[in-house]
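**Student:** Below is the sequence, then the predicted model.
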Amino acid sequence: MVKSRDGVVRGLGPYLLLSVALITAYFHLPPVRTVAQSAAVIGIPVHFFASLPSTVLQAMQGHLTTTDQLRSDFEAMRQRNLILQARLHRFEFLENENARLRELLSAIPFQAEQVTLAALIAVNPDPGALAVMINKGSADGIFQGQPVVDSGGLVGQITQPGLFHSKVSLITQEDQAVPTQVARSGLRAVVYGGGFGRPLRVLYLDRNADVRAGDLLVTSGLGGRYPPGYPVARITAVERNLAEAFMTIAAEPASHLGRDREVLLLWLPAKEVPVPDEQPDAQLETEDDDD
Amino acid sequence: MISVNSAQQHSWVPFATVFIALVLLVIPAPELIRGFLPDWVSLVLIYWALAVSTRMRLSLAWLSGLAVDLVILGIPGVHALSKTLLVYLAKHLSLRVRAYPLWQQSVVITLLLGLELILFAVVDLVATGSLSELHRWTGVIVGGLAWPLVYQALRRSRHFANLSR
């Protein structure tokens, strides 16, 4: 095969130029991003086939469960629901009280986030990254950087929304960092992902900071990306080394990290826009509300 | 054109193998082995570029790469760039590499996949300023080791498709 330099220029050149142009345009022209999001629907048949084994397995498990098992499951869930209901009433009471106290302190009122349920697609979206895929996309109003939680706590954030599906980067991914605080002491700390098979890290905490193994880290709300109060990680090991200025702290994620079948997407409340009629049962609040 | 082979050719087979590779790329795997999985699409494209080098078009490589970018919701153009380059090189080397024994082919494949990884790392460095892509070198090694298997499987599909050169 005789190929001259001409062959490179004519054969390979246009494709390389086209690729580089596409990459550059993706970073600098917002419409290209939108087009790429829409074009990502061609991935749906691939995702369908990739998730087929897990879907079939789940369906088979569903068929194999006996009525007795279902009945006992149902009973357990009913009881759990009762307990949660009771707790919720208490939570509502506390929320109202908290709002009133904040008003007395003339602090910014705490606002509840809106949530949407999304199901996980059983595919591994990025072979080189710790990420999961969900079945909601920009067509459902999903946006880049949106926080994702499950029943355990913070899962991660949306890093790539497609039109009908999106990629969620888990907090365990190496390039992810979450501003948190220790639930017990209020101490602020940033939790960094560790990568494949490695624990989360809490970096740059002073040697004599008040942290111990077992402490729960919750989102602090600083940075504005994640709303405050969601569990992020539990500290598993604290190592104080006298020769170093900072501690070595390992932590494990509080959420199930995409092992649940569903996750919740959060919409942070818009800032500086108080919504007084959002809580109709809070009568005490209306006393000094200006309308 | 007069076809020497009287049997029918199934030219859809390479496309089907690329599709299967795409599915394998995103199939769920336990976190422990996920870092060791090779880029199946690269392997499949390299095979076709080696085996039917004159028929393999760069446009197919580019489109497959773009499909990878869209399927994994990555930056469009990155895999398109790397896949086109890989196929170009493989086409160039095909006459020589086809004569190698399988283990020697594996070495060449490992080098090609390594080159692709370096390309990813460069794009990652320019785009985000991190070098995290280089952690995936295990996939390159496993890709080279998996080559004999991929080769055998795809050779069957090629014989079924009745394609040559």
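**Tutor:** Noted; the coordinates are in hand. Computed from a prediction, not measured in an experiment: that's the story for all the values here.
**Student:** what residues does the stretch 1-150 of chain A put near chain B?
**Tutor:** A:1, A:3, A:11-12, A:15-16, A:18-23, A:26-27, A:36, A:39-40, A:42-43, A:46-47, A:49-51, A:53-54, A:122-128, A:130, A:133 (C-beta under 8 Å from any C-beta of the partner chain). Placement of C-beta: from N, CA and C, glycine included.
**Student:** Please, which helix or strand holds residue 63?
**Tutor:** All of this refers to chain A. Per DSSP states H and E: A:His63 is located in helix A:44-64.
**Student:** oops, I was thinking of chain B
**Tutor:** Assigned by DSSP H and E, B:Leu63 belongs to helix B:58-71.
**Student:** rewinding a little: any residues touching the helix holding A:His63, and which ones?
**Tutor:** For helix A:44-64, contacts defined as C-beta atoms under 8 Å, 6 or more residues apart in numbering or on different chains pick out A:121-124, A:133, A:164-165, B:19, B:22-24, B:26-28, B:67, B:71.
**Student:** Restricted to helices, list the residues you listed.
**Tutor:** B:19, B:22-24, B:26, B:67, B:71 (DSSP state H).
**Student:** Same list, these, but only the ones touching chain A.
**Tutor:** Among those, the residues that sit close to chain A (C-beta under 8 Å from any C-beta) are B:19, B:22-24, B:26, B:67, B:71.
**Student:** ok, of those residues, which one's closest to B:Ile33?
**Tutor:** Using C-beta to C-beta, B:Leu24 comes nearest to B:Ile33 of those, at 13.0 Å.
**Student:** Test my guess that that closest one contacts B:Ser42.
**Tutor:** No - under the criterion of C-beta atoms under 8 Å, B:Leu24 makes no contact with B:Ser42, lying 11.7 Å away.
**Student:** Can you pick out the residue with more neighbours from the two?
**Tutor:** B:Ser42 (29 against 20; other C-beta atoms under 10 Å in any protein chain shown).
**Student:** For chain A, see how far away that one is.
**Tutor:** Counting by C-beta to the nearest C-beta, to the nearest Å, the gap from B:Ser42 to chain A is 11 Å.
**Student:** need the longest helix for the chain.
**Tutor:** If you meant another chain, say so; for now it's chain A. In terms of residue count, the longest helix belonging to chain A (DSSP H) is helix A:67-104.
**Student:** My question was about chain B, not that one.
**Tutor:** The helix that spans the most residues within chain B, counting by DSSP H, is helix B:102-128.
**Student:** Following it in sequence, what is the next regular element?
**Tutor:** From helix B:102-128 onward toward the C-terminus, using DSSP H and E, the following helix or strand is helix B:137-161.
**Student:** Quick check: buried residues in that next one?
**Tutor:** By 16 or more other C-beta atoms under 10 Å in any protein chain shown, the buried positions in helix B:137-161 come out as B:139-140, B:142-144, B:146-147, B:150-151, B:154, B:157-158, B:161.
**Student:** Over to stretch B:17-31?
**Tutor:** Buried-residue list, stretch B:17-31, by 16+ other C-beta under 10 Å: B:17-28.
**Student:** I'd assumed A:Val190 was in a strand, is it?
**Tutor:** Yes - counting by DSSP: H, G, I helix; E, B strand; the rest coil, A:Val190 falls inside a strand.
**Student:** any idea how far the residue nearest the centre of chain B is from A:Arg33?
**Tutor:** Nearest to the geometric centre of chain B sits B:Ser42, at 1.9 Å (C-alpha atoms, centre = their mean). For B:Ser42, the distance to A:Arg33 (C-beta to C-beta, to the nearest Å) stands at 26 Å.
**Student:** Just grab the bridge partners of the residue nearest to A:Val149 when sequence neighbours are not counted for me.
**Tutor:** Distances taken as C-beta to C-beta, 6 or more residues apart in numbering or on different chains place A:Leu264 nearest to A:Val149, at 5.1 Å, with adjacent residues excluded. A:Leu264 has these beta-bridge partners by DSSP bridges: A:Leu117, A:Val149.
**Student:** check contacts around A:Leu264.
**Tutor:** A:115-118, A:148-150.
**Student:** just the strands in chain A please.
**Tutor:** Under the criterion DSSP state E, chain A contains strands at A:114-121, A:131-134, A:147-149, A:154-161, A:166-170, A:177-182, A:188-192, A:200-203, A:216-219, A:231-239, A:248-253, A:262-267.
**Student:** Please point out which parts of the longest helix of chain A sit buried.
**Tutor:** A:96, A:99.
**Student:** Run a quick neighbour tally on A:Glu174.
**Tutor:** 18.
**Student:** mind checking the backbone torsions on it?
**Tutor:** Dihedral angles of A:Glu174 (phi, psi; degrees, to the nearest 10) stand at phi -60, psi -30.
**Student:** quick check, B:Arg96 in a helix?
**Tutor:** Yes - counting by three-state DSSP, B:Arg96 is part of a helix.
**Student:** Roughly how far does it sit from chain A?
**Tutor:** In terms of C-beta to the nearest C-beta, B:Arg96 sits 10 Å off from chain A.
**Student:** Show the contacting residues for the nearest residue to A:Pro228 once chain neighbours are set aside.
**Tutor:** Excluding its sequence neighbours, the residue lying closest to A:Pro228 (C-beta to C-beta, 6+ apart) is A:Gly221, at 3.1 Å. Applying C-beta under 8 Å, 6+ apart, we find A:Gly221 in contact with A:179, A:227-229.
**Student:** sorry, back to before: with the buried residues of helix B:137-161 in mind, which one is nearest to A:Gly186?
**Tutor:** Among these, and counting by C-beta to C-beta, the member closest to A:Gly186 is B:Gly139, at 42.7 Å.
**Student:** That closest one touches B:Phe36, doesn't it?
**Tutor:** Yes - at 6.3 Å, B:Gly139 counts as touching B:Phe36 under the criterion of C-beta under 8 Å.
**Student:** Near the residue lying closest to B:Ile27 once chain neighbours are set aside, how many residues? Count them for me, please.
**Tutor:** Distances taken as C-beta to C-beta, 6+ apart place A:Ala50 nearest to B:Ile27, at 4.5 Å, with adjacent residues excluded. Using other C-beta under 10 Å, A:Ala50 has 25 neighbouring residues.
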